[in-house]
Structure formats: C-alpha cells, structure tokens
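J.: Got a predicted structure plus its sequence, pasted below:
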Amino acid sequence: MAVLTELGLADASRVAQAHGLPPVRAIVPIAAGSVNSNFFLDLEDGRRVFMRIYEEQETDGVAFEWAILRHLQGRAPIPERLGAVTPGQVRVSGKPVALFALAAGTMSCQAGVTAGRARAVGELLATVHRVGTDLGWRRKSRFDRRALAVRMGRIPRHGELGPICNRLEFSFAELDLPAELPRGLTHGDLFRDNVLWEDETLSAAIDWESAAWDVLAYDLAVALLAWCVGDDLDWDLARAMVAGYESVRPLSDLESGALRDLCRAAALRFTVTRITDFHLRSEDAVGVHKDYRRFLMRLDRVEAFEPAAFVDRLRSC
C-alpha cells in the first residue's frame, strides 16, 4: 500500500462528497505496501476514513473485491465499504478509487504472534473458504503462473539477480500441483498487516484486493509463511494455524499431501513480486521496503523437507 499516485485536497474532497461524505480537511498518506496508493482522509465532521487508489486493477477487479465484501458481510470480520458508488464512477488521475470505514483493532508484530492468534487466522481462512463457495463469481488470480512468468521477464539477469532468477525458474519448473485441488474464494495476501486484533480477538481481515478464485489450500500456505516464520519456520505456530483451519474445514488427503509444494509456490510468488514491486523500484517510489530474500529463506526452509516429512511436522504434537 505505497503512495504511487499523489492525492490533493480537492480530489480527496471530490471523492468523499461523491460517496455522500463531508469534505476532507486533511490527508494522511500510508507508506506501507506495494500495489496501491492508500490514504487516511480526515473529514470535516471529525471522522477518519480509508481511501484506496487502485494502481493495477480496472473496474472489473474493483467490482470483484466489492462483491466479495458484500458476500462476506456479517459472515466474516471485514471492513465496510462506504457509499453506493459503482466501480470506476469516481477516479483520481484516471484510476478507480474506493472508500472504507476504518476497522477497529491493531496489527500484530511477529513477536506478538501466539499460537492462539495463529489458530484464529486459520479459523478465519477456513470460514472464508466455506462461505465463499456460493459467491457466484469466478475470477482467476492476478498472480498465477502465467502472470508471474511475465513479471520474471522484467527482472534483469545480471548481478545478484541472475543466479536468483535461475533458482526461481528451476523451482517453478519442479512444481507439479494436482489439478484436482479444491478451489474457491481466497484472500491471497493474509499477512500480519492485513489482520487487526482487539486484544486476542481477530477483529477484521482487510485488503481483499488480491482475492481470487484459487486453490484453497494455497491460501493457507500463504498464511503459514506469513505468520509462522521469524528467523525460521515455527512449527508450533504452524500446527496451531492448521489445527484452527481444520476445526472449520478439514483438509482432504490430497490437500494435505500438497501443502509442502503449495508453500513452495507461495514462497516463489512473493519472492518474485517483492523483486518487481520493491527491489526494482526506486526507494522514493515505495515507502516501506520488503526484502525478497526473506521469501528466498522461506523457500529454502520448505524445500529442505520432502512432502510427507513436511506434513508429518505439521501434524506432530
């Protein structure tokens, strides 16, 4: 959620008023993230709301995210989209925008991830996967193998990135995921900065911009790598997350057997996007840097296990 498009007070007030809100008295840019431009808007009536400028998605992608929020409202803890504006009706610099009410709660640092929190994240994901089956809208991930191959093509093959690209291509080529893995609504990006907590209660899952109709167990793999790794894989946290997930939606044998390779796929995806979205951008283009090497480390840790041994570690007490 970097600031890639500048936002002036006049444009911010125009957007707010189009959503039935008062004019804006102050704008607070949010520097974290990589894909969209995000801001807090302080309104003249004292409220603060969240505004997103979609940098990569057009109206169909925005409409899909809004349809997800409508579908999950009251069934999962999610933010409220403000106003009845149709996607693309209001734009800034030619790009679609959206406003959201602020969700209550704070983000967790890695040191604050407990087994209880890991379990709650697993339960949330499984709930989304269960209630998302009747969404009625199928939209593939913007980060599928073909899209990642396009991104790989942008990476220069010299210096430190040359051997890394060779490593990534080899690992991609080795991946052989079963075509029969169950698919459904996935968040796709459930990192710590996309979950809010009130004490130990999970209060909101935010930023559904990367959501897609994708492999369900892959969504769990992303969360495992996002929440259960500090300097190494924390198996206690990983087991707690899987147990929480299976308390709501038990994994099939096919899904369990594929978890190691799904974690490999997740590590590859985020290594590639952190190279293209952070490493190759100038420091002033993205406010917070996310190092791709953190996901290369995850790839190393996952690939150190054979599939069956990986699952055994997740299941062992």
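T.: Looks like it came in fine. Not measured: the values here are computed from a predicted model. Numbering: from 1, shown residues only.
J.: Tell me the pLDDT of residue 32.
T.: Listed pLDDT for residue 32 reads 67.
J.: can you check the one 5 residues further on too?
T.: At residue 37, the predicted lDDT confidence score is 91.
J.: do the same with residue 103
T.: Confidence for residue 103, expressed as pLDDT, is 90.
J.: what helix or strand is the residue nearest to it when sequence neighbours are not counted on?
T.: Residue nearest to residue 103 in three dimensions, not counting chain neighbours: residue 204, with 3.5 Å by C-beta to C-beta, 6 or more residues apart in numbering. Just so you know, the C-beta spots here come from the backbone N, C-alpha and C atoms, and that holds for glycine as well. Assigned by DSSP states H and E, residue 204 falls within strand 201-205.
J.: pLDDT value on the residue nearest to residue 103, please?
T.: Confidence per residue is given as pLDDT, and for residue 204 that number is 96.
J.: wait, isn't it in contact with residue 101?
T.: No - counting by C-beta atoms under 8 Å, residue 204 sits too far from residue 101 to count as a contact (10.1 Å).
J.: which neighbours do those two share?
T.: With contacts defined as C-beta atoms under 8 Å, 6 or more residues apart in numbering, the residues adjacent to both residue 204 and residue 101 are residue 79.
J.: Quick check on the two: which one has the bigger neighbour count.
T.: Set residue 204 next to residue 101 and count neighbours by other C-beta atoms under 10 Å: residue 204 wins out with 19 against 13.
J.: Specify the beta-bridge partners of that one.
T.: On DSSP bridges, the residues paired with residue 204 through beta bridges are residue 196.
J.: and this structure, what are its domains?
T.: Using automatic domain parsing, the domains assigned to the chain come out as 9-101, 110-315.
J.: Which residue ranges of this structure form helices?
T.: Taking DSSP state H, the helices of the chain run over residues 9-18, 59-72, 115-131, 145-152, 161-174, 216-227, 235-248, 253-274, 293-303, 307-315.
J.: low pLDDT regions in the chain?
T.: For the chain, residues meeting the criterion pLDDT under 70 lie at 1-2, 32-34, 282-289, 317.
J.: circling back to that earlier point, let me have the domains of the chain in CSV, adding distance to residue 3 as columns.
T.: CSV is the format used below for the domains of the chain (distance: least, C-beta to C-beta, whole Å):
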stretch, distance to residue 3
domain 9-101, 5
domain 110-315, 6
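J.: returning to that earlier point: list the buried residues of the strand holding residue 204.
T.: With burial defined by 16 or more other C-beta atoms under 10 Å, the residues of strand 201-205 counted as buried are 202, 204, 205.
J.: Same question for stretch 143-158.
T.: In stretch 143-158, residues buried by neighbour count (16+ other C-beta under 10 Å) are 143, 148, 151, 152, 155.
J.: Relative to residue 195, how far out is the residue most central in space within the chain?
T.: Most central in the chain under C-alpha atoms, centre = their mean is residue 189, positioned 1.5 Å from the mean C-alpha point. Counting by C-beta to C-beta, to the nearest Å, the gap between residue 189 and residue 195 amounts to 11 Å.
J.: What of residue 243?
T.: For residue 243, the distance to residue 195 equals 18 Å [C-beta to C-beta].
J.: These two - which one has more neighbours?
T.: A count of neighbours by other C-beta under 10 Å puts residue 195 above the other of residue 243 and residue 195, at 26 against 16.
J.: Could you pull up the residues touching that one?
T.: With contacts taken as C-beta under 8 Å, 6+ apart, residue 195 has the following neighbours: 107, 108, 121, 124, 202, 204, 205, 206.
J.: In those residues, find the pair that's most separated.
T.: 107 and 124 (14.7 Å; C-beta to C-beta).
J.: So for those two, which sits in the more crowded spot?
T.: Comparing residue 107 with residue 124 by neighbour count (other C-beta under 10 Å), the higher total belongs to residue 124, at 23 against 14.
J.: Residues touching stretch 65-79, excluding its own?
T.: In this structure, residues lying in contact with stretch 65-79 by C-beta under 8 Å, 6+ apart are 50, 57, 80-81, 87, 98, 100-103, 124, 127-128, 131-132, 135, 137, 185, 202-206, 208-209, 211.
J.: All set, thanks.
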